[in-house]
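Visitor: no sequence on hand, only this structure:
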């Protein structure tokens, strides 16, 4: 899955955000391809600000 083009500020937490986004999307019922895309969105959001917990996204309700 290609990364989303964003202006990177800090890469801390990008991998954790990807994994969490993937798990969240799969638990929410998305197929693997859509879950991976959702995970890239989580990782992209994570790198646009400093720190590891500034951005938290969820695909669920």
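Guide: Looks like it arrived, so ask away. Owing to the predicted nature of the structure, the values given are computational and were not obtained by experimental measurement.
Visitor: residue 45: neighbouring residues, count only.
Guide: Residue 45: 18 surrounding residues under other Cβ atoms under 10 Å. The C-beta positions use only the backbone N, C-alpha and C, and glycine is treated the same way.
Visitor: torsion angles phi and psi at it?
Guide: Phi and psi for residue 45, reported as degrees, to the nearest 10, are phi -60, psi -40.
Visitor: do residue 9 as well
Guide: phi -110, psi -40.
Visitor: any idea how far stretch 25-45 is from the chain center?
Guide: 7 Å (Cα atoms, centre = their mean, to the nearest Å).
Visitor: next, the buried residues of it.
Guide: 25-26, 30, 35-45 (16 or more other Cβ atoms under 10 Å).
Visitor: residue nearest the centroid of the protein?
Guide: Taking Cα atoms, centre = their mean, the centroid of the chain lies closest to residue 42, which sits 1.7 Å from it.
Visitor: for the helix or strand that residue falls within, packing partners?
Guide: Using DSSP states H and E, the element containing residue 42 is helix 32-46. Using 3 or more Cβ pairs under 8 Å, 6 or more residues apart in numbering; DSSP states H and E, the elements in contact with helix 32-46 are helix 14-27.
Visitor: just the angle for the helix it packs on relative to helix 32-46, thanks.
Guide: Relative orientation of helix 14-27 and helix 32-46, computed by axes from the mean of the first three to the mean of the last three Cα atoms, to 10 degrees: 140 degrees.
Visitor: could the buried residues of stretch 25-45 go into TSV alongside distance to residue 12 and pLDDT?
Guide: Output for the buried residues of stretch 25-45, formatted as TSV (distance: Cβ to Cβ, whole Å; pLDDT from 0 to 100):
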residue	distance to residue 12	pLDDT
25	22	96
26	24	97
30	26	97
35	23	97
36	22	97
37	22	96
38	21	95
39	17	96
40	17	96
41	18	94
42	14	92
43	12	93
44	14	94
45	13	90
